[in-house]
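Visitor: 3D, please:
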Amino acid sequence: MPTKVIVNPNLITINDGSSFLVTASDGSIDDNQAQGFFVRDTRLISYYEISLNRYQLLLLASSNITHHSALYQFTNPELTTVNGIFPSGSLLVTIRRDIVGGMHEDIEITNHHLEAVEFQLMLAIRSDFADIFEVKAKKILTRGETATTWKDGILSTEYRNGSFVRGIVTETVCASSTARYANGRLMFDVAIAPGKTWHTSINTTAKANGEILKPQENSTVSDNTKAGEISDEFLTNATKLRSSNADIQGFYQQALVDMGALRIEVDDNGHKFWMPAAGIPWFMAVFGRDSIITSLQTMAVYHDLARGTLVRLAQLQATELDDWHDAQPGKMLHELREDELTKINQLPYNPYYGTVDTTILWIITLAETYSWNADLGMLSECRSPLDKALTWIDKYGDFDGDGFVEYLTHSKKGLANQGWKDSGESMVYPNGKLVDPPIALCEVQGYVYDAWLKAALIYEMWGEKERSQNLRQKAESLYQRFNEQFWMDSEGFYCLGLDSNKQQIQSITSNPGHLLWSGIVPQERAKKLALRLFQPDMWCGWGVRTLSSQNPAYNPISYQRGSVWPHDNSIIAAGLKRYGYHKEANRIAEGIFAAANYFQSGRMPELFAGIERQENNFPVPYPDANIPQAWAAGSILLLIRTILGLEADAPQRKLKVQPSLPECLSDLELTNLSVGDATVGLRFWREGKQTQWEVTNKTGKLEVGLMHQ
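Guide: So this is what the prediction gives:
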């Protein structure tokens, strides 16, 4: 049994959609830390402390129960009471919190001493209404006015800054004794006879500019809550996996559970869909790139997620030039927020469009989703957004007319780097020095190539043969230009991108691995690319590093200069599979699975350190990594699809398989796999070094066959 590595130890995080609670392991909230109860990108509870006669409780255990519930269990220290000394370890104190709408909290105290006890239970609760970005940065500035009232057992606090309004209402709904409020604390006079239990329930209602989020009180009894129903619906309809490898089966199941927790609702003219947010806790919002890539990763598991993502991003597609928001007509967003700094126009996130690849990946996702759901209505609904997205590539993506898409922020608060490696220090030359934008990233050109070819198929289906042919010609021209200007013959590899002088950024990075997924690599170069990715400076044993360890800027515990990102590796593995490198794709899968085996619950974090894998070590988590994180969870799902080589053609009622099980996975069975209006069950197993397969059941019309390379 391997050592279990905990990401962000001593913290407990739960959520319901974009609302979330981050506490210390003892349930407390420190306003000087990145902790609190957050609703609509605002911290509504910034400080929380529970005490008995001002004595702190002793933590016994604490954990999440579901994605929206947590349980904390304590006992008492030695207490000085009005009746004398009360011995330690005599009380069992249980606190359960549920985030469904607002927050519901149950506190139960059982007296296991032979004598009765009397004490004062105190709950210190404060609200700073801090902006989520300032909480994360630990640089908080109060701008508005806060007012607190206590009336008829109800504690109300409201914050106003012009039109920006947030509020919180706390009340006891069921208590063994009456609450009082003074000096910033709720206080209960508690008396418990031997063997008896004292109980109180506390409801916290959140208010956000007229919207009222009330807690669901019955969530403590069972999981018959809205959040539970949503998660159950997802888990019921998703593709299931069974295997004799209990670890990998567990990783897959955990990824499904995480994906259910990360979904946010999408309304499309009265029709309800769901899309994935980016990650808990800091990115529970509509994200462009993260949501799109997660949708691609989960296509063979639950393709309705992609439908929701496509619709929501199309709803928010930019319509005009706006430098503050880095917006151009046809561009898809990067991030949508509801925080105070955005509301008062000090940040541009309502929404912000500073991403070079989301618009392109949206086109790829549209075509891929249609190949899985055969929904002509969806295609028709997305026709205008598709036209506009393609126009954006030509007019604004390639803004200098050199034939390649590059990025450059126009916003004073915009992101300097706008590919998936969007941290300020991610783009470096081989000497380790930072690259200044504009930058034409290699993988972005691959995305454009793939998007044009996929769009060509859509327009051909619509009968627009001339438009289709034009897109194919553009793709072919890009293929030639790209392979002439981005290939580094001396390295047998593609450069990271072109800098502002149109010179190659000759750093060795993971970015070219995405080119295999896009199909822009000639077959004879694919082998060199595959070999280079697995050289010791790039391959650490757990996965492919973001940056070569030979680069002076390499740091295995940095964000994007030598760390390992599971989603990055899943895309590289899918690309290797596309070019017939089954063993290499499986090698990445094995590395990621091995890492997952060390992480608590088999849950993949956003990223982890690129430290070399050895017999006597384990993967080292990155501080503050989001967990669960959508495209990290999605990496497990995409790796399974890649191992099996699943490719759908729902319009033709076909599913192709190309299975090659790695040694660590001798058998695997999928059930409830949806292709169009058909569902199928498939079983795969190894015989020697060969992988066999069969259809176990099928509903609806679907032809399942072997894909030939």
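Visitor: So which residue is smack in the middle of the protein?
Guide: The centroid of the chain falls nearest to residue 630 when counting by C-alpha atoms, centre = their mean (2.6 Å).
Visitor: Helices of the stretch 251-400 of the chain, start to end?
Guide: Counting by DSSP state H, counting those that start in this stretch, the stretch 251-400 of the chain has helices at residues 288-297, 304-315, 340-343, 358-373, 376-381, 383-392.
Visitor: so what secondary structure elements neighbour the third one?
Guide: The helices and strands touching helix 340-343, judged by 3 or more C-beta pairs under 8 Å, 6 or more residues apart in numbering; DSSP states H and E, are strand 164-175. Quick note: C-beta positions are derived from backbone N, CA and C, even for glycine.
Visitor: what comes up buried for the helix or strand following the strand it packs on?
Guide: Going down the chain from strand 164-175, the next helix or strand is strand 179-182, by DSSP states H and E. Under the neighbour-count criterion of 16 or more other C-beta atoms under 10 Å, strand 179-182 has 179, 181 buried.
Visitor: and what of stretch 324-332?
Guide: Those would be 325-328, 330-332, for stretch 324-332 by 16+ other C-beta under 10 Å.
Visitor: what does stretch 86-97 give?
Guide: For stretch 86-97, by 16+ other C-beta under 10 Å, it's 86, 90-97.
Visitor: Return the member of those nearest to residue 394.
Guide: Checking those against residue 394 by C-beta to C-beta gives residue 97 as the nearest, at 51.2 Å.
Visitor: quick revisit: now the buried residues of stretch 324-332 as a markdown table including pLDDT?
Guide: Shown next, in a markdown table, are the buried residues of stretch 324-332 (pLDDT from 0 to 100):
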| residue | pLDDT |
| --- | --- |
| 325 | 98 |
| 326 | 98 |
| 327 | 98 |
| 328 | 98 |
| 330 | 98 |
| 331 | 98 |
| 332 | 98 |
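Visitor: Just give me the closest of those to residue 469.
Guide: Nearest to residue 469 among those, with distances taken as C-beta to C-beta, is residue 330, at 21.8 Å.
Visitor: which residues touch the closest one?
Guide: Residues near residue 330 by C-beta atoms under 8 Å, 6 or more residues apart in numbering: 317-318, 359, 388-392, 395-396.
Visitor: Could you provide these in a markdown table, with additional columns for pLDDT?
Guide: Formatted as a markdown table, these follow (pLDDT from 0 to 100):
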| residue | pLDDT |
| --- | --- |
| 317 | 98 |
| 318 | 98 |
| 359 | 98 |
| 388 | 98 |
| 389 | 98 |
| 390 | 98 |
| 391 | 98 |
| 392 | 98 |
| 395 | 97 |
| 396 | 98 |
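Visitor: Only the buried subset of the residues you listed, as a PyMOL command please.
Guide: Selection of buried members from those for PyMOL, criterion 16+ other C-beta under 10 Å:
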select buried, resi 317+318+359+388+389+390+392+396
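Visitor: What ranges does the stretch 551-700 of the chain have for its helices?
Guide: Using DSSP H, counting those that start in this stretch, helices in the stretch 551-700 of the chain cover 566-578, 582-596, 630-644.
Visitor: out of those helices, deepest packed?
Guide: When you average the neighbours per residue for each of the helices of the stretch 551-700 of the chain (mean count of other C-beta atoms under 10 Å), helix 630-644 leads with a mean of 28.
Visitor: In the stretch 1-150 of the chain, where is pLDDT below threshold?
Guide: 1 (pLDDT under 70).
Visitor: remind me which residues of the stretch 151-300 of the chain are low pLDDT?
Guide: 217-231.
Visitor: rerun that using 80 as the cut-off
Guide: 217-232 (pLDDT under 80).
Visitor: Can you classify residue 118 as helix, strand or coil?
Guide: strand (DSSP: H, G, I helix; E, B strand; the rest coil).
Visitor: returning to that earlier point: so the residue nearest to the centre of the chain is in contact with residue 263, correct?
Guide: No. Taking C-beta atoms under 8 Å as the definition, residue 630 is not a contact partner of residue 263, at 9.1 Å.
Visitor: picking that back up, tabulate the helices of the stretch 551-700 of the chain (CSV), appending distance to residue 78 and mean pLDDT.
Guide: Shown next, in CSV, are the helices of the stretch 551-700 of the chain (distance: least, C-beta to C-beta, whole Å; pLDDT from 0 to 100):
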stretch, distance to residue 78, mean pLDDT
helix 566-578, 47, 98
helix 582-596, 43, 98
helix 630-644, 44, 98
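Visitor: Which of these sits closest to residue 29?
Guide: helix 630-644 (25.4 Å).
Visitor: That closest one packs against which elements?
Guide: Using 3+ C-beta pairs under 8 Å, 6+ apart, helix 630-644 is in contact with helix 246-261, helix 288-297, helix 566-578, helix 582-596, strand 667-675.
Visitor: Please repeat the previous calculation with a cut-off of 6 Å.
Guide: Applying 3 or more C-beta pairs under 6 Å, 6 or more residues apart in numbering; DSSP states H and E, we find helix 630-644 packed against helix 246-261, helix 288-297, helix 566-578, helix 582-596.
Visitor: Same list (these) but as JSON lines, adding distance to residue 47.
Guide: Formatted as JSON lines, the helices and strands packed on helix 630-644 follow (distance: least, C-beta to C-beta, whole Å):
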{"stretch": "helix 246-261", "distance to residue 47": "26"}
{"stretch": "helix 288-297", "distance to residue 47": "31"}
{"stretch": "helix 566-578", "distance to residue 47": "35"}
{"stretch": "helix 582-596", "distance to residue 47": "36"}
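Visitor: gap between residue 508 and residue 537?
Guide: 7 Å (C-beta to C-beta, to the nearest Å).
Visitor: any idea how far stretch 138-146 is from the chain center?
Guide: Distance, stretch centre to chain centre, for stretch 138-146: 28 Å (C-alpha atoms, centre = their mean, to the nearest Å).
Visitor: Also stretch 435-449?
Guide: So, by C-alpha atoms, centre = their mean, the centroid of stretch 435-449 is 23 Å from its chain's centroid.
Visitor: before we move on, the earlier item: find residues that contact each of residue 630 and residue 263.
Guide: Common contacts of residue 630 and residue 263 (C-beta atoms under 6 Å, 6 or more residues apart in numbering): residue 276.
Visitor: re earlier: with distance to residue 437 as extra columns, can I get the contacts of residue 330 in CSV?
Guide: Formatted as CSV, these follow (distance: C-beta to C-beta, whole Å):
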residue, distance to residue 437
317, 23
318, 20
359, 17
388, 24
389, 22
390, 23
391, 23
392, 18
395, 19
396, 15
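Visitor: can you pull the contacts of residue 326?
Guide: When contacts are counted by C-beta under 6 Å, 6+ apart, residue 326 touches 353-354, 409-411, 414.
Visitor: Report the buried members of the residues you listed.
Guide: Neighbour counting over the contacts of residue 326 (16+ other C-beta under 10 Å) leaves 353-354, 409, 411, 414 as the buried ones.
Visitor: and these, which two are the farthest apart?
Guide: Most distant of those, by C-beta to C-beta, are 353 and 409, 10.1 Å apart.
Visitor: and the nearest residue in space to residue 367 that is not next to it in sequence, what element?
Guide: Using C-beta to C-beta, 6 or more residues apart in numbering and skipping the chain neighbours, the partner closest in space to residue 367 is residue 454 (3.6 Å). Taking DSSP H and E as the definition, residue 454 sits inside helix 442-461.
Visitor: Following element in sequence after that helix, please.
Guide: helix 465-485.
Visitor: Next, the angle from that following helix to helix 442-461.
Guide: Computed by axes from the mean of the first three to the mean of the last three C-alpha atoms, to 10 degrees, the angle separating helix 465-485 from helix 442-461 equals 160 degrees.
Visitor: Check what contacts helix 465-485 and list those residues.
Guide: 403, 445, 449, 452-453, 455-456, 459-460, 520.
Visitor: What's the first helix or strand after it?
Guide: strand 487-488.
Visitor: starting at the chain centroid, how far to the helix or strand following that next one?
Guide: Toward the C-terminus, strand 487-488 is succeeded by strand 493-494 as the next helix or strand (DSSP H and E). Mean-position distance between strand 493-494 and its chain equals 29 Å (C-alpha atoms, centre = their mean).
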